[in-house]
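S.K.: okay, structure incoming, though there's no sequence with it:
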């Protein structure tokens, strides 16, 4: 079941203030978890975007090495081909 409502921030705050203490603690834990998850995702995203990348020359060199290794493997072990 899905329920979508559009309420303003002030209305949301007022609704939160009316929660019993137990539910307020649970809500706070969920909010903290959400913040932590988002922070970790943003940190990982930033890490990936700042990570080094291979140049076209490096990619070609890797492809050539892979082809050579595959060829060598076929010569050494023809039964696997």
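M.R.: Great, that's in hand. What you see is a predicted model; the values in this text were computed from it and never measured. Residues are numbered from 1 along each chain as shown.

S.K.: how about low-confidence regions in this protein?
M.R.: 1, 3, 79-81 (pLDDT under 70).

S.K.: longest helix of it?
M.R.: The longest helix of the chain (DSSP state H) is helix 21-50.

S.K.: any idea how far that one is from the chain center?
M.R.: Chain-centre distance of helix 21-50: 13 Å, with C-alpha atoms, centre = their mean, to the nearest Å.

S.K.: following element in sequence after that helix, please.
M.R.: helix 56-76 (DSSP states H and E).

S.K.: elements contacting that next one?
M.R.: Packing partners of helix 56-76 (3 or more C-beta pairs under 8 Å, 6 or more residues apart in numbering; DSSP states H and E): none among the helices and strands. Glycine gets a C-beta too; all of them are placed from N, C-alpha and C.

S.K.: for that helix, what is the distance to the chain centroid?
M.R.: Taking C-alpha atoms, centre = their mean, the mean C-alpha location of helix 56-76 is offset from the chain mean by 31 Å.

S.K.: give me the most central residue, this protein.
M.R.: residue 41 (5.4 Å; C-alpha atoms, centre = their mean).

S.K.: from residue 33, how far out is that one?
M.R.: According to C-beta to C-beta, to the nearest Å, residue 41 and residue 33 sit 12 Å apart.

S.K.: then residue 61?
M.R.: 45 Å.

S.K.: what about residue 4, helix or strand, and which?
M.R.: Applying DSSP H and E, one finds residue 4 in no helix or strand.

S.K.: with that, I have no additional questions.
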